[in-house]
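1. Need a 3D model of the sequence below.
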Amino acid sequence: MPVVMVTGTGTEIGKTVVTAALAAAALARGRTVAVLKPAQTGLAPGEAGDVAVVARLAGKVTTVELARFPDPLAPATAARRAGAAAVRPEDVAVAAEKLATEHDLVLVEGAGGLLVRFDEAGGTLADAARLLRAPVLVVAPAGLGTLNATALTAEALRARQLDPLGVVVGSWPAAPDLAARCNLADLPEVAGAPLLGAVPEGAGALPPAEFRARAASWLAPRLAGRWDAASFSAEFAADAGTRPAVG
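-> Reported below is the predicted structural model:
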């Protein structure tokens, strides 16, 4: 998988920290890694964006940001308001292909969810993935509401002849509630793809050295880690389906 697209079921659910964990795990295996952010919104020039967060946490990665727009909006809307050229799926594909000739792994982190518009023509991360024929990793929240959003994302991928690589929980709570515990079994069912990791909440605040040392323990072997979905689910979801019905 020289190029992997990282999308989410929404915004603020842990995509950047998951991307950093993917990069850290790959670096620990001796692979060279590049991280591409097609469009960064909501930041002024000079402010640290998502690729800077990944580099701080993961270590020596090549970072590329194709465009930056100051308003915290969808890239197409933010570009229009800034009077700037939007990023097209073709631009993403060209940049990723170039990075892939120079690196073992290229991680492309989207903005918000899969179908957030990059340009006025309606181009999305899914369109870039089709151009690249790249797998798409879905980052999802742990709790109530995640099943519908994950199912919709997976359905949108397959409607575009793309299959989700798998699902990673972007922020696994320290004290998971019943919904989160049940979702460990239900997420792969609704996605039609395996559960490939769970990053603990607060991981982005860890010291970089600790983050790098622990990253592989949050990700499955397919993502260069050692996390085991069956063991994790057994630990947290042992009683999720055993409570008696009420009523």
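2. Low-confidence ranges, this structure, go.
-> 1, 237-247 (pLDDT under 70).
3. could you pull out the strands for it?
-> 3-8, 33-41, 62-69, 105-113, 136-140, 164-172, 195-200 (DSSP state E).
4. Out of those strands, which one sits most buried?
-> Most buried of the strands of the chain, by mean neighbour count (mean count of other Cβ atoms under 10 Å): strand 136-140, with a mean of 28. Where you see a C-beta, it was placed from the backbone N, CA and C, and this is true even at glycine.
5. Could you list every helix and strand that it packs against?
-> Judged by 3 or more Cβ pairs under 8 Å, 6 or more residues apart in numbering; DSSP states H and E, strand 136-140 is in contact with strand 3-8, helix 15-28, helix 125-132, helix 146-159, strand 164-172.
6. Any chance of TSV for the ones you listed, columns distance to Ala229?
-> As requested, those are exported to TSV (distance: least, Cβ to Cβ, whole Å):
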stretch	distance to Ala229
strand 3-8	18
helix 15-28	15
helix 125-132	24
helix 146-159	15
strand 164-172	9
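7. follow-up on the earlier one: between the strands of the chain, which one is closest to Ala85.
-> Of all those, it is strand 62-69 that lies closest to Ala85, at 7.5 Å by Cβ to Cβ.
8. how distant is that closest one from the center of its chain?
-> 16 Å (Cα atoms, centre = their mean, to the nearest Å).
9. packing partners for it?
-> With contacts taken as 3+ Cβ pairs under 8 Å, 6+ apart, strand 62-69 sits against strand 33-41, helix 50-58, helix 75-82, helix 89-100.
10. picking up where we left off before, need the strands of the chain in JSON lines (columns: distance to Asp119).
-> Shown next, in JSON lines, are these (distance: least, Cβ to Cβ, whole Å):
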{"stretch": "strand 3-8", "distance to Asp119": "17"}
{"stretch": "strand 33-41", "distance to Asp119": "9"}
{"stretch": "strand 62-69", "distance to Asp119": "10"}
{"stretch": "strand 105-113", "distance to Asp119": "12"}
{"stretch": "strand 136-140", "distance to Asp119": "19"}
{"stretch": "strand 164-172", "distance to Asp119": "24"}
{"stretch": "strand 195-200", "distance to Asp119": "30"}
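11. Which one of these lies nearest to Val92?
-> strand 33-41 (4.7 Å).
12. contacts for stretch 207-226?
-> Under the criterion Cβ atoms under 8 Å, 6 or more residues apart in numbering, residues 20-22, 24-29, 31, 56-59, 137, 165-166, 168, 194-200, 203-204, 206, 227-229 lie in contact with stretch 207-226.
13. Now find how far off-centre it is within its chain.
-> Distance, stretch centre to chain centre, for stretch 207-226: 15 Å (Cα atoms, centre = their mean).
14. Can you get me the start-to-end distance on it?
-> Start and end residues of stretch 207-226 are separated by 21 Å (Cα to Cα, to the nearest Å).
15. Thanks again, I'm all set now.
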